[in-house]
Structures are given as structure tokens and as C-alpha cells.
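Visitor: Below are the sequence and a predicted model for it; my questions follow.
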Amino acid sequence: MTKTRLAMLAALATVSFAHPVWADSENPNIIVVSGPLFDPFFSALKKGADDAASNLNIHYQYSTVQDANNLQADFARLLDQAAATQPDAMVVGNYFPDAMSPVIKRAAEAGINVIIQDGGYSTWKDTGAFTYVGYDPDSLGVESGQIQVKAGVKNGLCVNHVPGNPSLEALCNAYVKAVKDAGGTGKVLTIAVQDAQNPQANLQAMKGALEADPSIDGIMTLGATQTTLAVQASDETGHEQGKIKIGGSGLSTAVLEGIRDGKVQFGVDLQAYLDGYYSILLAYQKVKYNLAPVQPMYAGPRFVYQKDAEKILLVNEKYVGIRGTN
């Protein structure tokens, strides 16, 4: 990185956050700091934000990381830069609260309207945000575990490909607890965050877990890519289709086809498009009218089963991208 670039970033980081936020702003400045677009979930989220901005006839900025090599530091840096521009509102996926919450708090204290989106459910009130849009990871984990238990799962494996993200850690822990509460066993398989979008690393990690413990009969994943890889891992370790119940949070065309064909027990549609759409809408209404919901807004989860998959696939053929189908 050049000295000029370093100096520019340093200057941005030292700009005061203090500024007036006018409730009647006709052209609000909204910045979204959210997840990487190489993940199908976030491509759908961004499409929702794009459509909301278009419908409202406003402009906004989507800021994200380009790779998974240094997520915590990169997200904190992007957030610091966004806050330094003194926007009217910020929509933030607080995926790593240790690094990101202090910046969010400073922004909120300086009068920037903040929405926490998708990540950061357990800490959104502490940051000074005025609302949260997303899902409750604890409830999702419990329900996913209970669904698999009812299907006969005795030993569940939750695959967390973004360690350090409290929402995903809570989801996995709740899933494992639900299986254990029903008399079974379970554990979390952690994949290094820099390998989050490395299919071969994910596949080998899951195959290794299945080979090390042949009694695993349930898998819960936290991303569409990981769900399809779980099916492959099950096949390549010699398990008959359906012997291992596979569920996953996040949809893609491949996941929906797997559900339709009976290879995946269920998918969890967090309705990322609504995440993005509602966040822009709420930010706009807060800035312009000083209106805000009095409770968190849950865009998901919606559980998708075999009977639902074909209908959703047909919708996705007509409306490409609203579920991150890439």
C-alpha cells in the first residue's frame, strides 16, 4: 500500500463523526457495510438493497470485503471509513463485535442513525443502533436441531465456516444443544475463516469429520456452498442418500435442487433479499420522518422442504438473484 493511500486512510479515520442529521432530508446518504458478494446470501441481500433504493429513488453505497483473508480487520477498517464520511444512516452487519462494535458505538453517539443487519443480533441494542433486521440465531439453531431429531438424528454435526462470528457460533451451539437435549450427541466442526469459500478445504474438513466419527447422522451447515459440499462429503464417504440428514442455512439453485431431489432434508431461507430491502427502507424512514420499528424486524427464517423446492425454483427462474441463486 502506498504512503499516499496510508495517509488518506489515516485522515479518514481521524475525521470527527459529529454532524447534524436532518429528519426531513430528501436525499439521505446511506452506507451499507455488509458481507462479501462472493457469498450467494449477500448477493441476494444487495439486490434487495438495490431494489429498495431504486423504488425510493435514492442512492446508497454498499461496502464490503473482497476476500476472506483478514475479515475482522478489514470489516473494522471499512466501517471506520464509512463512519468518517458522516452519512445520515449506516446499515451494518456486525459480524465481529470485538472489532466492529466500538466503531458502531462512536458513530451512533455522534448522531448517525445505525441499523444492525443480519449479524450482531445479541448485541445490537448495546451498539446504540435503533433497530435490527435479520433473524434470531438461537431460535434458528434450536428449531434446526429439533427438526433433525424428529427425523431420527442421534449425532449431529454443525459446520461453522466463519468462526469468530457470534451469531453463527450461537446458531451452532443451539443446534448441538437441541440434539443433546433430546438424548443425542453433537459437536461443531470449525473451518478456518480464510477457507470459507475454498470448496476443497470445506469438503476435506467434512469428509474428515465423517470418517473420524461414522456415527454422525445429521449435518447442519451455515451457508449454501457448505450445504452442497456436505452432500458431496456424505456421498464420497460411502453413505447412502438420506442416511445422513443434511440441513443448511442459506439457499442457492444447487441447494434447492438438492432439496427437491431428496439429497438435502431442508434449507433455511433467511430471505436475504428482505434483509437488504427492509434495511434501506427503514434507514430512509428514520432519516426522513424519524420513524422506527419498536421491535426487531425478522426477515427469516423460513424453512424450505421438498414440497416447497420446485415452486421456489420456478420463482427464481423468473426473478433471478432474489435468493442468491448463482
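Guide: Sure, I can see it.
Visitor: Report the contact partners of Gly223.
Guide: Going by CB atoms under 8 Å, 6 or more residues apart in numbering, Gly223 touches Asp39, Phe41, His161, Ala196, Gly248, Ser249, Gly250. All C-beta spots, glycine's among them, are computed from the backbone N, C-alpha and C.
Visitor: Looking at the residues you listed, state which has the most neighbours.
Guide: Each of these was scored for neighbours by other CB atoms under 10 Å, and Gly248 scores highest at 30 neighbours.
Visitor: quick one, what contacts that residue?
Guide: If you count contacts by CB under 8 Å, 6+ apart, Gly248 has them with 220-224, 226-227, 230, 255, 264, 266-268.
Visitor: quick check, nearest of the contacts of Gly223 to Ala53?
Guide: For those, the closest approach to Ala53 (CB to CB) belongs to Phe41, at 19.1 Å.
Visitor: if we can go back for a sec, out of the contacts of Gly248, which is most surrounded?
Guide: Met220 (35 neighbours).
Visitor: Who is that residue paired with across the strands?
Guide: Cys158, Gly247 (DSSP bridges).
Visitor: Is it in contact with Gln146, as I believe?
Guide: No. Met220 is beyond contact range of Gln146, at 11.4 Å (criterion: CB atoms under 8 Å).
Visitor: sorry, back to before: so which of the contacts of Gly223 is the closest to Asn69?
Guide: Among the contacts of Gly223, and counting by CB to CB, the member closest to Asn69 is Ala196, at 10.0 Å.
Visitor: Isn't the closest one up against Asn160?
Guide: No. When contacts are counted by CB under 8 Å, Ala196 is not listed as touching Asn160 (9.9 Å).
Visitor: how much space between the residue nearest to Ser122 when sequence neighbours are not counted and Pro40?
Guide: Ranked by CB to CB, 6 or more residues apart in numbering and with sequence neighbours excluded, the top spatial neighbour of Ser122 is Pro166, at 6.2 Å. Taking CB to CB, to the nearest Å as the measure, Pro166 falls 22 Å from Pro40.
Visitor: The two: who's more crowded?
Guide: Neighbours around Pro166 and Pro40, counted as other CB under 10 Å, are more numerous at Pro40. The numbers are 23 against 18.
Visitor: For the more buried one, which non-adjacent residue is closest in space?
Guide: Nearest one to Pro40, counting by CB to CB, 6+ apart, is Gly324 at 3.2 Å.
Visitor: so that neighbour, which of the three states?
Guide: What DSSP: H, G, I helix; E, B strand; the rest coil gives for Gly324 is coil.
Visitor: What count of nearby residues applies to it?
Guide: Look at Gly324: counted by other CB under 10 Å, it has 24 neighbours.
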